[in-house]
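*Asks:* only geometry, no sequence info:
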Ligand code: PEP
Ligand code: MN
């Protein structure tokens with residue numbers, strides 16, 4: 001993540017869940033509303049297990065045509081009945097102002113903007129305009145591609161429409177490379193978003209991140225360890241027969257078991273021993289960080305000198321052989337300390353980029369490396 005977001009204006013959000021804090025909140029339900037029987041069945045079972053919001057897609061954004069695209073308005077009648085008979089709040093995806101208008105007509109309590117819509121600022125703005133004056137809580141999924149600006153932009157547009165109950169739904173990012181996840185989580189994105197918007201509510205959509213059943217628990221617990229307020233899971237009465245996202249859906253029973261195993265992590269504690277120890281360790285981290293930054297400064301000053309010599313002797317700034325040597329040395333040191341090689345290579349790439357930038361400034365002047 002290269003970009004910095006210091007210019008992003010802090011926004012004020014209201015808690016998304018009515019009883020926010022000290023517990024995990026669940027958004028659960030089938031990927032798609034497939035029939036009245038299916039909706040009623042899963043809603044009743046989820047309501048007796050205990051969830052906060054019942055979800056079901058009725059306009060399904062499918063990557064390719066001729067897949068099941070949802071039952072549209074007809075299915076809103078089923079959701080309305082589920083709400084009346086269980087008392088659950090109901091949520092569905094809206095991709096345009098017409099969807100929103102229809103959803104509100106049938107008493108939908110919460111809407112979400114899907115990953116395929118968030119990538120398009122025109123669509124998000126059209127929905128935001130239609131949201132004006134409604135105050136309906138909105139879940140904003142992350143865009144398909146790992147572009148934090150798009151996610152921020154969608155949240156800003158919805159917020160500017162007067163909606164303060166917004167939740168960021170982290171559903172992972174599409175990838176071309178092989179991954180154990182359907183949509184790798186790239187946790188640093190929501191972490192950065194949370195730094196920018198500290199009182200925004202975070203929900204982890206473990207189902208769309210995992211894309212399969214066996215990773216749901218790991219992803220959900222990781223999210224709770226990071227302080228997310230909610231977990232979003234797709235639950236279907238007969239997952240293998242689901243008309244969409246069959247591999248990642250679970251039965252209400254499996255959902256109940258998973259829910260009972262997940263551990264809620266608090267943000268703070270009044271245990272004095274914990275607080276004192278934490279304070280001591282945090283001071284130690286601060287000291288090490290100060291040293292790290294001063295060591296990096298020393299390293300860059302040496303790079304600067306090297307840049308001066310290279311400039312005078314008309315030598316290319318990037319020397320592949322030398323760089324290879326540095327990488328090999330680093331990787332084996334990293335291995336010695338049992339660092340993840342991926343971490344070492346990201347760290348090194350960042351150091352190298354900055355080092356080249358500094359050398360380029362020495363050779364060509366301060367405007368040479370502006371991007
Ligand atoms: C969904 O929640 O069913 C859905 C389509 O999700 P996403 O927009 O995250 O792909
Ligand atoms: Mn789905």
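*Replies:* Everything's here; your move. As the structure is a computational prediction, the values presented were derived from the model and not from experiment. Ligands and ions are numbered 1, 2, ... in the order given.
*Asks:* how close does residue 191 get to residue 15?
*Replies:* Distance, residue 191 to residue 15, by C-beta to C-beta, to the nearest Å: 20 Å. Backbone N, C-alpha and C define where each C-beta goes, glycine included.
*Asks:* which parts of the stretch 51-200 of the chain sit against ligand 1?
*Replies:* When proximity is defined as C-beta under 6 Å from any ligand atom, the stretch 51-200 of the chain approaches ligand 1 at 57, 61, 114-116, 141, 171.
*Asks:* let's see it at 8 Å
*Replies:* 55, 57, 60-61, 93, 112, 114-118, 141-142, 144, 169, 171, 183 (C-beta under 8 Å from any ligand atom).
*Asks:* please spell out the PyMOL selection for the buried subset of those.
*Replies:* The buried residues among these can be selected in PyMOL (16 or more other C-beta atoms under 10 Å) with this line:
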select buried, resi 55+57+60+93+112+114+115+116+117+118+141+142+144+169+171+183
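*Asks:* name the residues of stretch 147-166 that are buried.
*Replies:* Of the residues in stretch 147-166, 147-148, 150-159, 161, 163-166 count as buried by neighbour count, 16+ other C-beta under 10 Å.
*Asks:* no, scratch that, I was asking about stretch 346-360
*Replies:* Neighbour-count burial for stretch 346-360 [16+ other C-beta under 10 Å]: 348, 351, 355-360.
*Asks:* kindly report the same for stretch 228-238.
*Replies:* Those buried within stretch 228-238 under the rule 16+ other C-beta under 10 Å are 228-237.
*Asks:* so which of these belong to strands?
*Replies:* If you go by DSSP state E, the buried residues of stretch 228-238 have 230-234 in strands.
*Asks:* check the secondary structure at residue 111 for me.
*Replies:* strand (DSSP: H, G, I helix; E, B strand; the rest coil).
*Asks:* that one contacts residue 136, correct?
*Replies:* Yes: here residue 111 reaches residue 136: they are 6.0 Å apart, a contact under C-beta atoms under 8 Å.
*Asks:* the more surrounded of these two?
*Replies:* residue 111 (24 against 17; other C-beta atoms under 10 Å).
*Asks:* contact partners for the more buried one?
*Replies:* Residues near residue 111 by C-beta atoms under 8 Å, 6 or more residues apart in numbering: 91-94, 100, 103, 136-139.
*Asks:* now do the contacts for the residue lying closest to it once chain neighbours are set aside.
*Replies:* Excluding the flanking residues, the one nearest residue 111 by C-beta to C-beta, 6 or more residues apart in numbering is residue 94, at 4.7 Å. By C-beta under 8 Å, 6+ apart, residue 94 lies in contact with 59, 100, 103, 111-113, 127.
*Asks:* for the protein, just list every one of the helices.
*Replies:* Along the chain, counting by DSSP state H, helices occupy 36-49, 73-86, 97-105, 115-118, 121-131, 148-160, 188-196, 206-210, 216-225, 252-261, 272-312, 320-336, 341-364.
*Asks:* and for the one residue in the stretch 201-350 of the chain that gets nearest to ligand 1, the neighbour number?
*Replies:* Closest residue of the stretch 201-350 of the chain to ligand 1, C-beta to the nearest ligand atom: residue 208 (4.5 Å). When neighbours are defined as other C-beta under 10 Å, residue 208 has 25 of them.
*Asks:* near ligand 1, which residues of the stretch 201-350 of the chain show up?
*Replies:* Contact residues (C-beta under 8 Å from any ligand atom) of the stretch 201-350 of the chain with ligand 1: 205, 207-208, 232, 234, 244-245.
*Asks:* what about 6 Å?
*Replies:* 205, 208.
*Asks:* residue in the stretch 201-350 of the chain with the shortest distance to ligand 2?
*Replies:* With C-beta to the ion, the shortest gap between the stretch 201-350 of the chain and ligand 2 falls at residue 245, namely 3.8 Å.
*Asks:* which non-adjacent residue is nearest that residue?
*Replies:* Excluding the flanking residues, the one nearest residue 245 by C-beta to C-beta, 6+ apart is residue 31, at 4.1 Å.
*Asks:* where does pLDDT dip in the stretch 1-150 of the chain?
*Replies:* Where the stretch 1-150 of the chain drops to pLDDT under 70, the residues are 1-3.
*Asks:* one more pass at 80, please.
*Replies:* Along the stretch 1-150 of the chain, the parts satisfying pLDDT under 80 run over 1-4, 20-22, 62-63.
*Asks:* got a list of what the residue in it that ligand 2 sits nearest to touches?
*Replies:* At 3.3 Å from ligand 2, residue 31 is the closest residue in the stretch 1-150 of the chain, using C-beta to the ion. Going by C-beta under 8 Å, 6+ apart, residue 31 touches 56-57, 60, 207, 234, 236, 242, 244-245, 248-249.
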